[in-house]
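Enquirer: Okay, here's the prediction I keep looking at, along with the sequence it came from:
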Amino acid sequence: MLWKQRLIPETGEVDWSPQRFDETIVFTKPEVRGLTFYWKAKDAEAEKNITPAKLEFNPTKQRLVLYPETQKNVMISVEIPGAIRESLQMKNPAWFSEQVYNDAKQVTGYRLIIHDTTNLVEVEIEMDKGSLDYLKNALNKLS
């Protein structure tokens with residue numbers, strides 16, 4: 001895991017870009033006891049621990065941010081190193097949707113196709129009913 005510790009800025013955003021004190025840690029014997037996370041780093045003898053006062057998870061960046069109970073001015077990001085995420089920006093693409101059927105002509109899912117003629121890119125997203133409902137709710141919040 002990539003362990004990044006930063007001071008909480010008084011204003012503005014936290015800079016999570018790589019810094020020289022960032023660590024890549026292979027956790028061995030991780031364990032949660034109560035609210036405290038205990039671990040040993042690979043090739044280390046001493047057990048370490050942290051008790052968070054607050055946790056935030058960013059699913060888009062796959063980042064867990066911990067606010068240590070003992071250090072009120074510090075925040076720690078724990079994330080998977082080397083996770084590659086490709087970002088693609090489209091401006092006013094074409095949208096198509098369709099239901100997905102099985103051999104018995106029953107709806108088994110939903111497909112959303114986003115087509116961008118400027119970038120010559122097409123994105124196809126298949127989802128179940130739960131994901132479709134989540135998408136509808138997210139889009140309703142925009143209007």
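Expert: Sure thing, it's come through.
Enquirer: shaky segments in the chain?
Expert: By pLDDT under 70, the weakly predicted segments of the chain are 82-85.
Enquirer: tell me the domain ranges of it?
Expert: By the assignment in automatic domain parsing, the chain contains the domains 2-79, 94-140.
Enquirer: And for stretch 94-101, what's in contact with it?
Expert: The contact list for stretch 94-101 (CB atoms under 8 Å, 6 or more residues apart in numbering) reads 107-117, 126. Placement of C-beta: from N, CA and C, glycine included.
Enquirer: just those now: which is nearest Leu135?
Expert: Proximity of the contacts of stretch 94-101 to Leu135 (CB to CB) peaks at Leu112, which lies at 7.6 Å.
Enquirer: give the contact list for the closest one.
Expert: Contacts for Leu112 (CB under 8 Å, 6+ apart) come out as 95-97, 124-125, 127, 135.
Enquirer: what about the helix or strand hosting it, distance to the chain center?
Expert: According to DSSP states H and E, Leu112 maps onto strand 107-116. Strand 107-116 sits 23 Å away from the centroid of its parent chain (CA atoms, centre = their mean, to the nearest Å).
Enquirer: in its sheet, what does it sit against?
Expert: Using DSSP bridges, the strands paired with strand 107-116 are strand 94-101 (antiparallel), strand 121-127 (antiparallel).
Enquirer: deepest of the ones you listed, which one?
Expert: Using mean count of other CB atoms under 10 Å, the stretch among these with the largest mean neighbour count is strand 121-127, at a mean of 12.
Enquirer: got the contact list for Ser131?
Expert: Going by CB under 8 Å, 6+ apart, Ser131 touches Tyr110.
Enquirer: ok but it is inside a strand, no?
Expert: No: looking at Ser131 with DSSP: H, G, I helix; E, B strand; the rest coil, it is helix, so not inside a strand.
Enquirer: Which stretches in the protein count as strands?
Expert: For the chain, the strands defined by DSSP state E occupy 2-7, 23-24, 27-33, 36-41, 47-50, 52-58, 63-68, 74-79, 94-101, 107-116, 121-127.
Enquirer: C-alpha coordinates for the first one, CSV please?
Expert: These are the backbone C-alpha positions of strand 2-7, laid out as CSV (Å, rounded to 0.1, in the frame of the first residue of the first chain):
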residue,chain,number,x,y,z
LEU,A,2,1.1,3.6,-0.6
TRP,A,3,1.1,5.5,2.7
LYS,A,4,1.1,9.3,2.3
GLN,A,5,1.1,11.6,5.4
ARG,A,6,0.3,15.3,5.0
LEU,A,7,-0.4,18.2,7.3
